[in-house]
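Peer 1: Okay, here's the prediction I keep looking at, along with the sequence it came from:
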Amino acid sequence: MVYKEVPTNESGDKKKHGAKEADEQIGHGESKFVKKKGDRWRKLALYLCNPEKKTVLDRTCSSWAKITSFYIIYYALLSGLWAAMLMGFFVTIDDREPRHQNYDSLIKYNPEFNQGEEDSYKVYTENLDKFLYNMVYNKYTTLQQIGAMIVPQHPDSSEDEYSDENQTEAGAIDCDPSDPNQDYRDPNLACKYSLSRLGSECVSEKHYGYDVGRPCVMLKMNKLFNWEPEPMNNESIPAELKDRYKPGYVGVTCEGRSDADRDNMGPVVFYPSAGFDASFFPYKNQKGYVAPLVMAQFTRLRLGTLVIVNCKVWAENIYHDTNDRAGSVHFELLMD
């Protein structure tokens, strides 16, 4: 029995089989692409809302309730903490002490000027004018001062805070410290203040004495809410104030810090001489209230010498301390 090997077309069959597989793969690839593209939108729709799992944005109602409750409690506690801190801030503010002191106050620099050069003291006289009369300034004027740049806050306003007309319209009344019935006036009404009390030397027409070497420095007390000065006893009145002291006034004195400063400073004249009128106290944020003023004129400053000046206000209930300068103000003068 003879066996004969039958030749087969193996290579041809392989080619046909490979071509068939390739066609199948191409077909499957197209269907997979279409399927994958459709799955994206389906997955997005299921993420937004899945009825089978009962989820919205991949969270169940229970999960949303928990996370919502958490953030409500979290932000409520955060808001409560903020409110408590804000309340604590307002509770701890002392309404008897002004917020703006030292370099935040009106007198924040050391005056220096030359009596023969108007430009050297013009900045001081203009600022006295601006404060007393609130004069009209050019919109773009900037006043250069030692240690600070002062820009008028209301350059286009000519309203005079200390004018009799404006004080009357604001509800201020005439007060007289020598009136025996003065104590019976309504403390909720403000007293009028007349600039004529500042005398005839420290006025704008005379450049506040700066052009003749007799400069005037304006003194103004801080507003202490509900504070009222107590009259001084004869024993507690300082020697430099005895000749000028009057009941119903807060006395003012100015002296050099050292013996050399006192010699170089020379005499000081005050307008009004008795000091601050006590009719303007206590301050209770009355409508139309303006603070009383005192002008201190240095009549014989030594040329070319820096003078350190310390001015004090006097009442029985005013405390003085050299370290924190309580009840006083410190400044320096230099006249070339």
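Peer 2: Cool, got the structure.
Peer 1: from here on, contacts and neighbour counts on C-alpha atoms
Peer 2: Noted.
Peer 1: any idea where the helices of the stretch 101-250 of the chain begin and end?
Peer 2: Per DSSP state H, counting those that start in this stretch, the stretch 101-250 of the chain carries helices over the ranges 118-133, 164-169.
Peer 1: worst average pLDDT in those helices?
Peer 2: With a mean of 65, helix 118-133 has the lowest mean pLDDT of the helices of the stretch 101-250 of the chain.
Peer 1: Distance-wise, check Ile319 relative to Arg325.
Peer 2: Actually, residue 319 is Tyr rather than Ile. 10 Å (Cα to Cα, to the nearest Å).
Peer 1: likewise Lys246?
Peer 2: Per Cα to Cα, Lys246 is found 24 Å from Arg325.
Peer 1: How is the chain partitioned into domains?
Peer 2: 47-93, 94-335 (automatic domain parsing).
Peer 1: Highest mean neighbour count out of these?
Peer 2: Most buried of the domains of the chain by mean neighbour count (mean count of other Cα atoms under 10 Å) is domain 94-335; its value is a mean of 17.
Peer 1: Tell me the confidence at Ile173?
Peer 2: pLDDT, Ile173: 84.
Peer 1: measure the nearest residue to Cys202 once chain neighbours are set aside to Met87 for me?
Peer 2: Of all residues not flanking Cys202 in the chain, Tyr208 sits nearest, at 4.3 Å (Cα to Cα, 6 or more residues apart in numbering). From Tyr208 over to Met87 the distance is 47 Å, taken as Cα to Cα.
Peer 1: quick one: contacts for Pro215?
Peer 2: Neighbouring residues of Pro215 by Cα atoms under 8 Å, 6 or more residues apart in numbering: Tyr208, Gly209, Gln297, Phe298, Thr299.
Peer 1: how much space between it and His207?
Peer 2: Taking Cα to Cα as the measure, Pro215 falls 9 Å from His207.
Peer 1: what's the answer for Glu316, then?
Peer 2: 35 Å.
Peer 1: and if you look at Glu126?
Peer 2: In terms of Cα to Cα, Glu126 sits 9 Å off from His207.
Peer 1: What segments of the stretch 201-336 of the chain are strands?
Peer 2: Listed in chain order, the strands of the stretch 201-336 of the chain (DSSP state E, counting those that start in this stretch) span 216-220, 249-256, 268-271, 276-277, 293-298, 306-314, 328-335.
Peer 1: Dump these into a markdown table; add mean pLDDT and distance to Val203 as well.
Peer 2: A markdown table is the format used below for those (pLDDT from 0 to 100; distance: least, Cα to Cα, whole Å):
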| stretch | mean pLDDT | distance to Val203 |
| --- | --- | --- |
| strand 216-220 | 90 | 9 |
| strand 249-256 | 93 | 20 |
| strand 268-271 | 94 | 11 |
| strand 276-277 | 92 | 18 |
| strand 293-298 | 93 | 10 |
| strand 306-314 | 92 | 21 |
| strand 328-335 | 88 | 19 |
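Peer 1: Please report how far Tyr75 lies from Pro187.
Peer 2: As for Tyr75, its distance to Pro187 is 46 Å (criterion: Cα to Cα).
Peer 1: Give the residue spans of this structure that score low on pLDDT.
Peer 2: 1-38, 94-125, 127-160, 177-185 (pLDDT under 70).
Peer 1: I'd guessed Gln297 sits against Cys202; true?
Peer 2: Yes. Applying Cα atoms under 8 Å as the test, Gln297 and Cys202 come out as touching, 7.4 Å apart.
Peer 1: Report whether the expected contact of Leu306 with Glu332 is present.
Peer 2: Yes. Using Cα under 8 Å, Leu306 is in contact with Glu332, at 6.8 Å.
Peer 1: intersection of neighbour lists for the two?
Peer 2: Between them, Leu306 and Glu332 share no contacting residue, judged by Cα under 8 Å, 6+ apart.
Peer 1: any chance of the domains of the chain in TSV, with distance to Arg40 too?
Peer 2: As requested, the domains of the chain are exported to TSV (distance: least, Cα to Cα, whole Å):
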stretch	distance to Arg40
domain 47-93	10
domain 94-335	64
